[in-house]
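>>> Sequence isn't available, so here's the structure alone:
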């Protein structure tokens, strides 16, 4: 009995010790679980992207949510990668592997690959780590993409600004608030003749003409007083001493909200200023020239008036005796004359008619040039006007064995309103010219509606000598004929076409000529606006 009691007493301390060991182990497990839970919380929920990889083969063991968001891969995708797979362009595999195996290291920024192929630049910080009994490294990643892109954009912006600054056609300068030059561009060097090394650090006033040097400080004070921009003209002195002129616009340059400098952009207006000075210098001369021209114009107007008065008076004075001569010749031709005497009388009559035509042309020309020719506004039949003119000239055509014919369109109005006398005068000039310059063949006249609505067009086609292309633009000038032989062969003063052109234009129409190529001769035409007479309209309505 005593031995049994002794054994029972020894078993009690052993059982107690085991319970204590179990309790300690459970406490350790709880602590380990807490630490694991804390690790998982810190790792998984960490806003900093983190990746755990094996040290021997760089296989990715674990990643957090921030890494998933950064790279665009899920946990399952990462489990199939090595950490090396994330590098976009590993320059040297051995060097990179050695860097990734170091106990602690800072790498980058380096280029990594996202799932969406967008650029990614990261900085990597490595720490030693044991993961499930495997030696590993934990890589903490910092996304530097936006910062690097911003830095690249800033560098590109600075390069663009520098390129614009240097290659601008306008002068650009910057000086501090005391007027000391900080920068100038190539255009400023070219304009002033100074290299930038010669002027940087010097006062901007040294480049300004003496009479305008106060403008620099006035401009600075105006800007500091609240004026955002100043515009003014600024005279400069080039290195050679020659004056140069700028049209300047200046503004304040701020840094962290404080004014630090003045930037000016100026356009070289030297040529304009020189031209203005020359213009001012020549203004008096122009005034004197204008006075001389005014006096010459007055004398010319007086001379023109005298000429017009002389032509009008002379024409009227000549008409009276000419009408007497023509009347007496006509009476003489009614008497008993032999053949020779009758021929002489016809010659006198023809010469008198020609001279009277010249006198009438001179009088018409003087009235037109003086602007005193008034058009009548009366009803007439354009077709009848053509018939009467053709009948009058037919005798001349038959005397030269020429066929004179006309064609009148049925669409020509029977009665129009206008100046019938001037209409017949133009017809007479063109038809008479065609007969005069045609030796063989025919003269054909057509009267029809014009190309434009409300116009009448007349064309006179002949088979005569034609009009050379070189003188076509001058054929309607006063006193102009093709050459001297034309006047000797055919006579005339060269006024008929000039008067016809001016009459047609006064009536609001057009006149011209063209070749009949390949047929001989030429065609003269004119087209004038017409207004159907009210009597014709009333008759049509009835």
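That came through, no problem. Remember, predicted model here, so these are calculated numbers, not experimental data. Residues are numbered from 1 along each chain as shown.

>>> now the helices for the stretch 101-250 of the chain?
145-167, 186-192, 196-199, 214-224 (DSSP state H, counting those that start in this stretch).

>>> Quick one: list the elements packing against the longest one.
Helix 145-167 sits against strand 119-131, with contacts defined as 3 or more C-beta pairs under 8 Å, 6 or more residues apart in numbering; DSSP states H and E. Where you see a C-beta, it was placed from the backbone N, CA and C, and this is true even at glycine.

>>> Next up, the contacts around the residue nearest to the spatial centre of the chain.
Centroid check for the chain by C-alpha atoms, centre = their mean gives residue 169 as the closest residue, at 20.1 Å. Residues in contact with residue 169, defined by C-beta atoms under 8 Å, 6 or more residues apart in numbering, are residue 187.

>>> Now with 10 Å, please.
185-187, 190, 267-268 (C-beta atoms under 10 Å, 6 or more residues apart in numbering).

>>> ok, now residue 99?
By C-beta under 10 Å, 6+ apart, the contact list for residue 99 reads 92, 105-107, 124, 126.

>>> what packs against the biggest helix by length in the chain?
Taking DSSP state H as the criterion, the chain has its longest helix at helix 270-333. Here helix 270-333 touches strand 229-237, strand 243-255, helix 339-369, going by 3 or more C-beta pairs under 10 Å, 6 or more residues apart in numbering; DSSP states H and E.

>>> quick one: average confidence on it?
Taken as a whole, helix 270-333 has a mean pLDDT of 83.

>>> thinking again about what came up before, same list, the helices and strands packed on helix 270-333, but as a markdown table with mean pLDDT, mean neighbour count and distance to residue 50 please.
Shown next, in a markdown table, are those (pLDDT from 0 to 100; neighbours: other C-beta atoms under 10 Å; distance: least, C-beta to C-beta, whole Å):
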| stretch | mean pLDDT | mean neighbour count | distance to residue 50 |
| --- | --- | --- | --- |
| strand 229-237 | 87 | 16 | 53 |
| strand 243-255 | 90 | 17 | 40 |
| helix 339-369 | 75 | 15 | 104 |
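
>>> how about these in CSV, adding distance to residue 218?
Shown next, in CSV, are the helices and strands packed on helix 270-333 (distance: least, C-beta to C-beta, whole Å):
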stretch, distance to residue 218
strand 229-237, 9
strand 243-255, 11
helix 339-369, 63
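
>>> I'd like to know which of those lies nearest to residue 72.
strand 243-255 (40.1 Å; C-beta to C-beta).

>>> That closest one - contacts with which helices or strands?
When contacts are defined as 3+ C-beta pairs under 10 Å, 6+ apart, strand 243-255 sits against strand 171-176, helix 186-192, helix 214-224, strand 229-237, strand 258-268, helix 270-333.

>>> Now do the domain split for the protein, please.
46-149, 168-268, 276-363, 375-541 (automatic domain parsing).

>>> just to revisit the earlier point, and the pLDDT for the residue nearest to the centre of the chain?
Looking at residue 169, the pLDDT reads 88.

>>> quick one: low-confidence parts of the stretch 1-150 of the chain?
Where the stretch 1-150 of the chain drops to pLDDT under 70, the residues are 1-12, 32-42, 90-91.

>>> Of the helices and strands packed on strand 243-255, flag the one that's most buried.
The highest mean neighbour count among the helices and strands packed on strand 243-255, using mean count of other C-beta atoms under 10 Å, belongs to strand 171-176: a mean of 21.

>>> orientation of it relative to strand 258-268 in degrees?
If you take axes from the mean of the first three to the mean of the last three C-alpha atoms, to 10 degrees, strand 171-176 sits at 160 degrees to strand 258-268.

>>> Can you give me the distance of residue 470 to residue 456?
31 Å (C-beta to C-beta, to the nearest Å).

>>> quick one: which of the two has more around it?
Using other C-beta atoms under 10 Å as the criterion, residue 470 and residue 456 rank with residue 456 on top: 23 against 8.

>>> contacting residues for that one?
Residues near residue 456 by C-beta under 10 Å, 6+ apart: 382-383, 409, 411-413, 416, 418, 423, 447-450, 509, 526-530.

>>> Residue 383 too?
By C-beta under 10 Å, 6+ apart, residue 383 lies in contact with 406, 408-410, 412-415, 447, 456.

>>> what do you get for residue 514?
Shown in contact with residue 514 (C-beta under 10 Å, 6+ apart): 459, 461, 467, 472, 522-525.

>>> let's see it at 8 Å
By C-beta under 8 Å, 6+ apart, the residues touching residue 514 are 522-523, 525.

>>> where's it relative to residue 469, distance?
With distances taken as C-beta to C-beta, residue 514 is found 10 Å from residue 469.

>>> What of residue 163?
Going from residue 163 to residue 469 by C-beta to C-beta gives 58 Å.

>>> cool, and residue 50?
From residue 50 to residue 469 the distance is 95 Å (C-beta to C-beta).

>>> Please apply the same query to residue 338.
Separation of residue 338 from residue 469 (C-beta to C-beta): 50 Å.

>>> Please apply the same query to residue 267.
Residue 267 is 51 Å from residue 469, by C-beta to C-beta.

>>> Next up, identify which helix or strand residue 457 is on.
strand 455-462 (DSSP states H and E).

>>> Give me the distance from that strand to the chain's centre.
How far strand 455-462 lies from its chain's middle: 44 Å, per C-alpha atoms, centre = their mean, to the nearest Å.

>>> Which positions within it qualify as buried?
For strand 455-462, burial by neighbour count (16 or more other C-beta atoms under 10 Å) applies to 456-462.

>>> Out of those, which comes closest to residue 317?
Lowest distance from residue 317 to the buried residues of strand 455-462 (C-beta to C-beta) belongs to residue 460, with 33.7 Å.

>>> quick one: secondary structure of the closest residue to that closest one other than its chain neighbours?
Closest residue to residue 460 apart from its sequence neighbours, by C-beta to C-beta, 6 or more residues apart in numbering: residue 430 at 4.5 Å. Counting by DSSP: H, G, I helix; E, B strand; the rest coil, the backbone at residue 430 sits in helix.

>>> Correct me if wrong: residue 430 contacts residue 522.
No - contact criterion C-beta atoms under 8 Å: residue 430 and residue 522 do not qualify, at 10.8 Å.

>>> okay, and for the stretch 351-500 of the chain, where does confidence drop off?
Residues of the stretch 351-500 of the chain meeting the criterion pLDDT under 70: 354, 358, 362, 365-367, 369-372, 478-494.

>>> Surely residue 29 is in a helix?
Yes - according to three-state DSSP, residue 29 belongs to a helix.

>>> What is the burial count for it?
By other C-beta under 10 Å, 10 other residues sit near residue 29.

>>> any idea how far the nearest residue to residue 462 once chain neighbours are set aside lies from residue 468?
Nearest residue to residue 462, sequence neighbours excluded (C-beta to C-beta, 6+ apart): residue 434, at 3.9 Å. Distance of residue 434 to residue 468, computed by C-beta to C-beta: 17 Å.

>>> Compare these two (neighbour count), which wins?
With neighbours defined as other C-beta under 10 Å, residue 434 and residue 468 compare such that residue 434 has more, 26 against 12.

>>> Now do the helix or strand where the more buried one lies and helix 339-369, the angle between them.
Assessed by DSSP H and E, residue 434 sits inside helix 420-436. Orientation of helix 420-436 against helix 339-369 (the same axes, to 10 degrees) gives an angle of 130 degrees.

>>> Now for residue 193: which residues touch it?
Taking C-beta under 8 Å, 6+ apart as the contact definition, residue 193 lies against 238-240.

>>> among those, which ones are buried?
Buried members of the contacts of residue 193, scored by 16+ other C-beta under 10 Å: none.

>>> Quick check: of those residues, which lies closest to residue 377?
Minimum distance to residue 377 across the contacts of residue 193 is 71.8 Å, recorded for residue 238 (C-beta to C-beta).
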